[in-house]
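[1] I'd like to go over a predicted model; first the sequence, then the structure.
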Amino acid sequence: MPSLTFMNVIQSIMKQGFFACIAAALLLTSTGCETSQQILNNLPSNLPTAGGLSSAQIAAGLKEALTIGTQNSANKLSAANGFFANAALKILMPPEAQKVESTLRNVGLGSVVDKAILSMNRGAEEAAKSAAPIFVNAIKQMTITDALGILKGGNSAATNYFKDKTTAALTSAFKPAISDALKKVDATKYWSDLFTVYNKFSSTPVNTDLTAYVTEKAVAGIFQEVALEEQKIRQDPAARVTDLLKTVFGSAQAQSQTQKK
């Protein structure tokens, strides 16, 4: 059993607030599994963290915030023109294909190019409908440690967490929807036929897999939207739509401002 002196040090650190709680956790892990468990067994179950909230309450608030934020992102981008009318996210021809696009427009085939661009964005919008359940699943698997790390992390900590946990699943889910949308207007066939010929004479070949290109852009787009939602919740009190969110993020923001002084 650790000495009373050591226990007093741990409890004293815990009382200093949320960020000090992290330091205490590091001390606990350095004492070995068995000793750490003994220490934990002797600590209060509702340790003070941000604004007197427990770690479990903070994690619950963060999960609530992320669920709202990711659902907002998915709903916005899956709506009609969610990608197509968004100047920041609209999927265009890749840079290496723009010379070919210009040539097609110059010979009167601009409508074909426009139709291909529209179909790429429609595919991304359709695919975005499958994003919300994937994000929710990642949130359900989030541990208290993950949640605390996100809360005290940088402004993009949550977005980076989602990139790590959901990119593979989003890519897998998006591809079929995007492929179907592109096939409806024969965009995939035209793209493949055009650039297969183009690549034979070019020193800078274009990827003939249009579905892969659009999927990559769609996944990047939804993470960009998630990042905007994360910024709203971190910086704008009006975006904290429940009492728990207001308490968790308000307390964390106040502590952060205090530490900067």
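    Sure, I can see it. Numbering: from 1, shown residues only.

[2] got a list of contacts for the host helix or strand of residue 127?
    Taking DSSP states H and E as the criterion, residue 127 maps to helix 110-127. The contact list for helix 110-127 (CB atoms under 8 Å, 6 or more residues apart in numbering) reads 77-84, 90-93, 101, 104-105, 173-175, 177-182, 184-185, 187, 190-191, 210, 214-215, 217-218, 221. Any C-beta I mention is one placed from the backbone N, CA and C, and that applies to glycine too.

[3] please repeat the previous calculation with a cut-off of 7 Å.
    77-78, 80, 82-84, 90-93, 101, 104-105, 174, 177-178, 181-182, 184-185, 187, 190-191, 214, 217-218, 221 (CB atoms under 7 Å, 6 or more residues apart in numbering).

[4] out of the residues you listed, which are inside helices?
    77-78, 101, 104-105, 174, 177-178, 181-182, 184, 187, 190-191, 214, 217-218, 221 (DSSP state H).

[5] emit the PyMOL select command for whichever of those residues are buried.
    To isolate the buried members of these in PyMOL, using 16 or more other CB atoms under 10 Å:
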select buried, resi 77+78+101+104+174+177+178+181+182+187+190+191+214+217+218+221
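
[6] name the residue closest to the centre of this structure, please.
    residue 159 (3.3 Å; CA atoms, centre = their mean).

[7] which ones are touching it?
    223, 226, 227, 230.

[8] would you map out the domains in this protein?
    The chain resolves into domains spanning 4-42, 55-260 when parsed by automatic domain parsing.

[9] against which helices or strands is the helix or strand that contains residue 57 packed?
    Residue 57 belongs to helix 55-78 when assigned by DSSP H and E. When contacts are defined as 3 or more CB pairs under 7 Å, 6 or more residues apart in numbering; DSSP states H and E, helix 55-78 sits against helix 131-140, helix 144-152, helix 210-235, helix 243-260.

[10] go with 8 Å
    Under the contact criterion of 3 or more CB pairs under 8 Å, 6 or more residues apart in numbering; DSSP states H and E, helix 55-78 touches helix 110-127, helix 131-140, helix 144-152, helix 157-184, helix 210-235, helix 243-260.

[11] related to what we said a few turns ago, could you pull up the mean pLDDT of the helix holding residue 127?
    The average pLDDT within helix 110-127 is 88.

[12] ditto for stretch 185-198
    77.

[13] thinking again about what came up before, the domains of the chain: lowest mean pLDDT?
    Per-stretch mean pLDDT for the domains of the chain is lowest at domain 4-42 (a mean of 34).

[14] what sits up against stretch 215-222?
    Against stretch 215-222 from outside (CB under 8 Å, 6+ apart): 73-74, 77, 83, 86, 89, 91, 120, 123-124, 127-128, 131, 167, 170-171, 174-175, 178.

[15] number of nearby residues for residue 124?
    Close neighbours of residue 124, defined as other CB atoms under 10 Å, add up to 28.

[16] repeat that for residue 229.
    Neighbours around residue 229, by other CB under 10 Å: 21.

[17] quick check: it touching residue 67?
    No: in this structure, residue 229 is not within contact of residue 67 by CB atoms under 8 Å, at 10.8 Å.

[18] ignoring the adjacent residues along the chain, who's closest to the residue nearest to the centre of the chain?
    Distances taken as CB to CB, 6 or more residues apart in numbering put residue 227 closest to residue 159, at 4.4 Å, once the chain neighbours are dropped.

[19] could you pull up the contacting residues of residue 230?
    Residues counted as contacts of residue 230 (CB under 8 Å, 6+ apart) are 69, 155, 156, 158, 159.
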